[in-house]
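A.B. asks: have a look at this fold, sequence not included:
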Ligand SMILES: Nc1nc2c(ncn2[C@@H]2O[C@H](COP(=O)(O)OP(=O)(O)OP(=O)(O)O)[C@@H](O)[C@H]2O)c(=O)[nH]1
Ligand SMILES: [Mg+2]
């Protein structure tokens, strides 16, 4: 067949061939192993024109897949007139170079596609800093070949992220920029920490979950927020917080945030810490799961792995099975709910199950906080500043004769250990009014 000319190429979406490899100890054997990378490619605006999958006993150090498969892939690239090949694995810098040489088209790996989507979606200054940092950390060991393919976005990543010329100029420049970004982000991070911590008395709830699970849809259903919803991966990159007014009275602050994915690049997780600050400081996490996905278990596992990386694995959490309207066989749902005790089943898009969810969230929030009276010396700076930071102080009484102070507080149950350890006297009180009022 005749190959298209360069000028024709510029006017059409880039055509990609997907390549995957299944290794013996793969953590997510599925019916359609390329399903997710296909979604990622499409979210990045590419057209998928061919697919290739190989079972391997082990990785080939030079080219990841075997040499015969490389040949086959090259024929597929030619016959499908593809512009690039996307590998659903993380390739080493040398492997990418060797593959590009053999296939004579651009080769990108899973991390690169994810970074690419993030870069094209980052809207806020904070998200842009975070993506740039993650891109540069990925680029550092690959400076020789980076960024040329990314220039396909008009005014795109080359502008948003680092320009090719700059990268080639000097490694030290990149290292310097990485330091600079880290410093900027650490400022953003501390500002965020203060902002979120100082937000006041309303209980806070954060939505977390696999990308495309329906977090933003749920946010909209609960708060009428009008947050962007799309059947694309990584539709949301920034955190939005809105008031969730409970039908039964009271409210919580609800935050929607960036979705997670299997093998989310570490540099991205690390750099998105500021964006995930709401989740870190929230009273409760709602882990939203697409219950209609054939990959439910592995997606839950992937989200838990990222939560662990963020130090959130012990955080109070409620599992929310969404999209139950798409589950045809009721026994599938029943089996899920049996397996994950205490999970709530909803369909955010159809506003099914939201009352049940509200009820469960209110119970969790109420259960987690206590009304107590803490008595200590007026000079006890450690306990007093700890309470000022972490508790909601409802009332305080000084006893000048004994130099002691008594504080009526509402605080998370977990703070009790600290107070006991530091010798404060704690008396339980009747709850003055509901936590969620
Ligand atoms: N059938 C059905 N579809 C839903 C439901 N909830 C969400 N969706 C669809 O799922 C897709 C993804 O929804 P989003 O709310 O954007 O998902 P998200 O978790 O915010 O995704 P990211 O921001 O990309 O991480 C959209 O096409 C929604 O319309 C539901 O209860 N039922
Ligand atoms: Mg979203």
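C.D. replies: Yep, that arrived. Here the structure is a predicted model, which is why all the values come from computation and not from measurement. Ligands and ions are numbered 1, 2, ... in the order given.
A.B. asks: can you show me the strands along the stretch 201-350 of the chain?
C.D. replies: For the stretch 201-350 of the chain, applying DSSP state E, counting those that start in this stretch gives strands covering 204-209, 240-245, 251-256, 284-290, 317-322, 344-345.
A.B. asks: just the angle between the first one and strand 240-245, please?
C.D. replies: For strand 204-209 against strand 240-245, the angle by axes from the mean of the first three to the mean of the last three C-alpha atoms, to 10 degrees is 120 degrees.
A.B. asks: just checking, what packs against strand 204-209?
C.D. replies: Using 3 or more C-beta pairs under 8 Å, 6 or more residues apart in numbering; DSSP states H and E, the elements in contact with strand 204-209 are helix 215-223, strand 251-256, helix 277-281, strand 284-290, helix 296-309. Using the backbone N, CA and C atoms, a C-beta is placed for each residue, glycine as well.
A.B. asks: hmm, 10 Å instead?
C.D. replies: helix 215-223, strand 240-245, strand 251-256, helix 277-281, strand 284-290, helix 296-309, strand 317-322, helix 354-368 (3 or more C-beta pairs under 10 Å, 6 or more residues apart in numbering; DSSP states H and E).
A.B. asks: same deal with the fifth one?
C.D. replies: Applying 3+ C-beta pairs under 10 Å, 6+ apart, we find strand 317-322 packed against strand 204-209, helix 215-223, strand 284-290, helix 296-309, helix 330-339, strand 344-345, helix 354-368.
A.B. asks: before we move on, what about the shortest one?
C.D. replies: In terms of contacts (3+ C-beta pairs under 10 Å, 6+ apart), strand 344-345 is packed against strand 317-322, helix 330-339, helix 354-368.
A.B. asks: could you do the third one as well?
C.D. replies: If you count contacts as 3+ C-beta pairs under 10 Å, 6+ apart, strand 251-256 packs onto strand 204-209, helix 215-223, strand 240-245, helix 277-281, strand 284-290, helix 354-368.
A.B. asks: looking at those, which is nearest to ligand 1?
C.D. replies: Checking those against ligand 1 by C-beta to the nearest ligand atom gives helix 215-223 as the closest, at 3.3 Å.
A.B. asks: and that closest one, which residues are buried?
C.D. replies: In terms of neighbour count (16 or more other C-beta atoms under 10 Å), helix 215-223 has its buried residues at 215-223.
A.B. asks: got it, and stretch 308-322?
C.D. replies: Buried residues in stretch 308-322 (16+ other C-beta under 10 Å): 310, 312, 315-322.
A.B. asks: reformat the residues you listed as TSV; add distance to residue 196 and pLDDT.
C.D. replies: Formatted as TSV, the buried residues of stretch 308-322 follow (distance: C-beta to C-beta, whole Å; pLDDT from 0 to 100):
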residue	distance to residue 196	pLDDT
310	14	85
312	14	88
315	14	88
316	17	89
317	18	94
318	20	96
319	24	97
320	22	98
321	28	98
322	25	98
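A.B. asks: closest to ligand 2 among those?
C.D. replies: Nearest to ligand 2 among these is residue 322, at 11.9 Å by C-beta to the ion.
A.B. asks: which residues touch the closest residue to that closest one other than its chain neighbours?
C.D. replies: Closest residue to residue 322 apart from its sequence neighbours, by C-beta to C-beta, 6 or more residues apart in numbering: residue 214 at 4.3 Å. Contacts for residue 214 (C-beta atoms under 10 Å, 6 or more residues apart in numbering) come out as 207, 220-221, 229, 259, 288-292, 320, 322-323, 346-349.
A.B. asks: would you mind measuring from residue 214 to ligand 1?
C.D. replies: Plainly put, residue 214 is 3 Å away from ligand 1 if you go by C-beta to the nearest ligand atom, to the nearest Å.
A.B. asks: kindly report the same for residue 418.
C.D. replies: In terms of C-beta to the nearest ligand atom, residue 418 sits 35 Å off from ligand 1.
A.B. asks: what's that residue sitting at in phi/psi?
C.D. replies: With angles defined as degrees, to the nearest 10, residue 418 sits at phi -60, psi -50.
A.B. asks: pLDDT score for it?
C.D. replies: pLDDT, residue 418: 85.
A.B. asks: what sits closest to it if chain neighbours are left out?
C.D. replies: Nearest residue to residue 418, sequence neighbours excluded (C-beta to C-beta, 6+ apart): residue 386, at 6.3 Å.
A.B. asks: host element of that neighbour?
C.D. replies: helix 381-390 (DSSP states H and E).
A.B. asks: only the buried residues of that helix, if you could.
C.D. replies: Within helix 381-390, the residues that count as buried by 16+ other C-beta under 10 Å are 383-384, 386-387.
A.B. asks: run through the neighbouring helices and strands of the helix or strand that it is followed by.
C.D. replies: Next helix or strand after helix 381-390 toward the C-terminus (DSSP H and E): strand 392-399. Packing contacts for strand 392-399, counted by 3+ C-beta pairs under 10 Å, 6+ apart, involve strand 369-377, helix 381-390, strand 404-412.
A.B. asks: if we go to 7 Å?
C.D. replies: Applying 3 or more C-beta pairs under 7 Å, 6 or more residues apart in numbering; DSSP states H and E, we find strand 392-399 packed against strand 404-412.
A.B. asks: can you list the strands that the strand it packs on pairs with?
C.D. replies: Strand 404-412 has the following sheet partners, assigned by DSSP bridges: strand 369-377 (antiparallel), strand 392-399 (antiparallel).
A.B. asks: that older thread, ok, of the buried residues of stretch 308-322, which one's closest to residue 97?
C.D. replies: residue 310 (33.2 Å; C-beta to C-beta).
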